[in-house]
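Engineer: after the sequence you'll find the predicted model.
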Amino acid sequence: MIYVPGSTYSNVSKSTTINTTMKSGTYEIIDTNQTEIIRLDIDGFFPLNKVSGTISDGITTRVHWIADLIKRGDIYEGEVEPRWNFKYHLLEISFPQTDIIDIRFKSHLFQIIKKYRRISDTFRSVEFEFDHEEGTVPITEFDTSTHSDRPFHLKNEILTIRDVYERAGYSVKISNNDLVKFPEGGKGPTWNNTELHDVMQDYWSRYKLEPQWAVWLFFAKKHKDSGLKGIMFDSDDSIQRQGAAVFSESIKNVKPPTDGEADAWERRLNFFVAVHEIGHAFNLEHSWNKDGGNPWRELINNSEARSFMNYPWKVNGRYEKFFKSFEYRFLDSELAFIRHAPEEYVRMGGMAWYDNHGFSVPEKGHKPDLGFRIFTDQVDNEFEFLEPVMLEMELKNVSNRPMVLADQVSLEKVDGEHILSCRNVTTIVKRIGGHVKQYQNYYHECYEAESIVMEPNTSLRGSVFVAASKQGWLISDPGDYIIQSAIHLEDDDILSNKLFLRVLPPNNHDEELIAQDFFSNDIGRIMAFDGSRSEHLSGGNGILEYVVDKFRTLRVNHHAKVALAMPKRTESNYINFDKRQVKKNCSHVEDAVKELNDALTADRDKARRTLGSTDYKYYCEVIADLTK
């Protein structure tokens, strides 16, 4: 059963006139104290033969379900998808009179008939406001007959942004177009995301920090990232997916000079990008990037999709092949999401956005000769509560020839072996249902890169303590997480796989209590630096000592022991700020060896999996060096 917090059906507006030639639309239950909405999807534009329902017993609790339908005579039959745990698993829909439906719900034990009245011939309502920068022309429509790269059966029409989203099942209201002027007639800036957010607050008539069915689209000239053609920029605060922008000069720069219909080509891409970025505001992901993000239904990546949510240049044959078979619509799976997913998943400002959402054209090439992956050594990527997550990285030469990496990857040298560093790796962490967070290392270094040769099928390995970074803990609460990294080379970025992991709930109240102190900046710093003897972090060390003593069977015990033992292996300097003196901490090598041995060898497999193979090997080498 899916429970979605929030008010009931703020988005369902009853139509004063309803198209009686079709049956699809929004229905409400008749003669009951319960609030219940049905969305029937069997005719009209792009019918999906689905029905979904949302039931409310009060202000804060809603139950959601969805079923695929098959027509049998004058009725429709369907089976509710099992994942929703709705108490009924079968249904039949009949049509006793115009704009009235009866649904017979069946379970293994009993059945019930409910009656619903149609209140709208759309599924939801939304408002778009279009503003533009001085010197730009907003492109909100496109004449499909003006470019020859088109399906032969495509209707010749002037297609508007309103048309696209009305055919997706929405009632669309368009607000007046305002002009964003600049002092003394200046041509305006190249924009960054912060500036876009600021101008949205100043110019959008409906701006407010709460979820609402409204999108602000800004037509501008150019983003500071010159390759960016459009962006849904509103993804950094608690209320996301409300603002997007299109950059006309950037689009003009990729217009092919040999295209005999260049003006239509440019206008078409402006229109396409506008619809694409608004699609992100509905929480639609890119066509090739469907396997992460929201957990509503399983979706399949499709880099060849003819959808507004794809990049035309990503398909085989690029723009020409894409538009020759593009019907100016969303995929059925995308329509299902924006029509039938729970309100909070779709509504602007509801569920957080999770992924890179800028519409850009690649300025650089790709490196198919190198593969980059991330993983953990933990079984099924399942972590105990309190267990820090260690991320393993691998950069592999997948070609059949040696490759010289000169100033391209950050390496550390440990006992003569090159280890991949996280210095030029960007890592993004998102808890499902939460906000995107970027891992930020606790320190930055100035270093001279070293050239190395990678033979075919050889790899560079490294690790990242990804659980915490300088802005706090990224992985702490129980739940499901997505992690993805990109390694930045001299002339390209290589994206890793998406890694899905789960943090289990606490086993008892003791774990819940210590979590309040454990998930602190002090503990994060101590673990990131392999321990500390700073007086300012002595409280954190006290927490780790408590963890070692109290939670002896948990995996976090190994991490705590290592963090307490590692600083003891050498002398260290510290500053006594009260006396303005530099003092020394003496080494305690025997204690360090004993405690590290206990952490690493009492249960070798458990220690290796939780500490990660890279760090486990390093700690074993530390013990070997100390005992020479």
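Structural biologist: Everything's here; your move. This one's a predicted model, so the numbers in the text were calculated from it and none came from an experiment.

Engineer: so what's the residue count around Asn283?
Structural biologist: Residues lying near Asn283 (other CB atoms under 10 Å) number 26. (Glycine included, C-beta is placed from N, CA and C.)

Engineer: that one belongs to a helix, doesn't it?
Structural biologist: No: going by DSSP: H, G, I helix; E, B strand; the rest coil, the assignment for Asn283 is coil, not a helix.

Engineer: pretty sure it sits against Val346.
Structural biologist: Yes: counting by CB atoms under 8 Å, Asn283 does reach Val346; the two are 5.7 Å apart.

Engineer: give me the common contacts of these two.
Structural biologist: Phe337 (CB atoms under 8 Å, 6 or more residues apart in numbering).

Engineer: how about the helices in this structure?
Structural biologist: Per DSSP state H, the chain carries helices over the ranges 161-167, 193-203, 248-253, 262-281, 318-324, 332-340, 343-346, 509-518, 521-528, 538-550, 556-565, 589-601, 604-611, 613-626.

Engineer: figure out how far the fourth one is from the centre of its chain.
Structural biologist: Once both centres are worked out by CA atoms, centre = their mean, to the nearest Å, helix 262-281 turns out to sit 23 Å from its chain's centre.

Engineer: what residues of it count as buried?
Structural biologist: Neighbour counts over helix 262-281 (16 or more other CB atoms under 10 Å) mark 264-281 as buried.

Engineer: tell me what angle that helix forms with helix 332-340.
Structural biologist: 50 degrees (axes from the mean of the first three to the mean of the last three CA atoms, to 10 degrees).

Engineer: what mean pLDDT does helix 262-281 get?
Structural biologist: Averaging pLDDT along helix 262-281 gives 94.

Engineer: so what does it touch, helix or strand wise?
Structural biologist: Applying 3 or more CB pairs under 8 Å, 6 or more residues apart in numbering; DSSP states H and E, we find helix 262-281 packed against strand 141-143, helix 161-167, strand 214-220, strand 228-231, strand 243-247, helix 248-253, strand 358-360.

Engineer: burial check on Gln378, number of neighbours?
Structural biologist: 18.

Engineer: contacting residues around it?
Structural biologist: Leu501, Arg609, Thr610.

Engineer: from Asp480, how far off is the last one?
Structural biologist: When CB to CB, to the nearest Å is applied, the distance between Thr610 and Asp480 equals 19 Å.

Engineer: the two: which is more packed in?
Structural biologist: Counted by other CB under 10 Å, Thr610 and Asp480 do not tie: Thr610 has more neighbours, with 25 against 14.

Engineer: measure the closest residue to that one other than its chain neighbours to Gln378 for me?
Structural biologist: Sequence neighbours aside, Arg555 is the residue nearest to Thr610 in space, at 4.1 Å (criterion: CB to CB, 6 or more residues apart in numbering). Remark: distance between Arg555 and Gln378 (CB to CB) = 8 Å.

Engineer: overlap of the contact sets of those two?
Structural biologist: Arg609, Thr610.

Engineer: which strand residues bridge Glu127?
Structural biologist: Per DSSP bridges, residues listed as beta-bridge partners of Glu127: Lys173, Ala214.

Engineer: what about the stretch 201-350 of the chain, any weak spots by pLDDT?
Structural biologist: Applying pLDDT under 70 to the stretch 201-350 of the chain flags the ranges 235-238, 290-299.

Engineer: try it again at 50.
Structural biologist: 293-294 (pLDDT under 50).

Engineer: and the residue nearest to Phe282 when sequence neighbours are not counted, how close does it get to Tyr328?
Structural biologist: Of all residues not flanking Phe282 in the chain, Ile338 sits nearest, at 4.9 Å (CB to CB, 6+ apart). Between Ile338 and Tyr328 the distance is 16 Å, computed by CB to CB.

Engineer: do the same with Thr32
Structural biologist: 41 Å.

Engineer: these two - which one has more neighbours?
Structural biologist: Using other CB under 10 Å as the criterion, Thr32 and Tyr328 rank with Tyr328 on top: 23 against 10.

Engineer: just checking, the more buried one touches Asp143?
Structural biologist: No: in terms of CB under 8 Å, Tyr328 does not count as a neighbour of Asp143; the distance is 11.5 Å.

Engineer: quick one: common contacting residues for these two?
Structural biologist: Leu159.

Engineer: thought Asp259 was touching Glu266?
Structural biologist: No: between Asp259 and Glu266 there is no contact under CB under 8 Å: 9.1 Å.

Engineer: spit out the residues that contact these two alike.
Structural biologist: Common neighbours of Asp259 and Glu266 (CB under 8 Å, 6+ apart) do not exist.

Engineer: any buried residues in stretch 589-599, and which?
Structural biologist: Ala592, Val593, Glu595, Leu596, Asn597, Asp598, Ala599.

Engineer: cool, and stretch 207-218?
Structural biologist: Tyr207, Pro211, Gln212, Trp213, Ala214, Val215, Trp216, Leu217, Phe218.

Engineer: ends of that stretch, how far apart?
Structural biologist: Using CA to CA, to the nearest Å, one end of stretch 207-218 lies 13 Å from the other.

Engineer: so what touches it?
Structural biologist: 6, 10-11, 124-133, 180, 196, 199-201, 203-204, 206, 237-239, 242-246, 274, 277-278, 281, 344, 347-350.

Engineer: for stretch 610-626, same thing?
Structural biologist: Under CB under 8 Å, 6+ apart, the answer for stretch 610-626 is 376-378, 387, 390-392, 414-415, 419, 461-463, 555-556, 558-559, 562, 566, 569, 589, 592-593, 596-597, 599-600, 607-608.

Engineer: kindly recompute the last result at 6 Å.
Structural biologist: Here stretch 610-626 makes contact (CB atoms under 6 Å, 6 or more residues apart in numbering) with 377, 390, 392, 415, 461, 463, 555, 558, 569, 589, 593, 596, 600, 608.

Engineer: what of stretch 172-184?
Structural biologist: 126-131, 133-134, 162, 165-166, 188, 203.

Engineer: tell me which of those has the lowest pLDDT.
Structural biologist: Gly188 (63).

Engineer: any idea which helix or strand in the protein has the lowest mean pLDDT?
Structural biologist: strand 358-360 (a mean of 47; mean pLDDT, DSSP states H and E).
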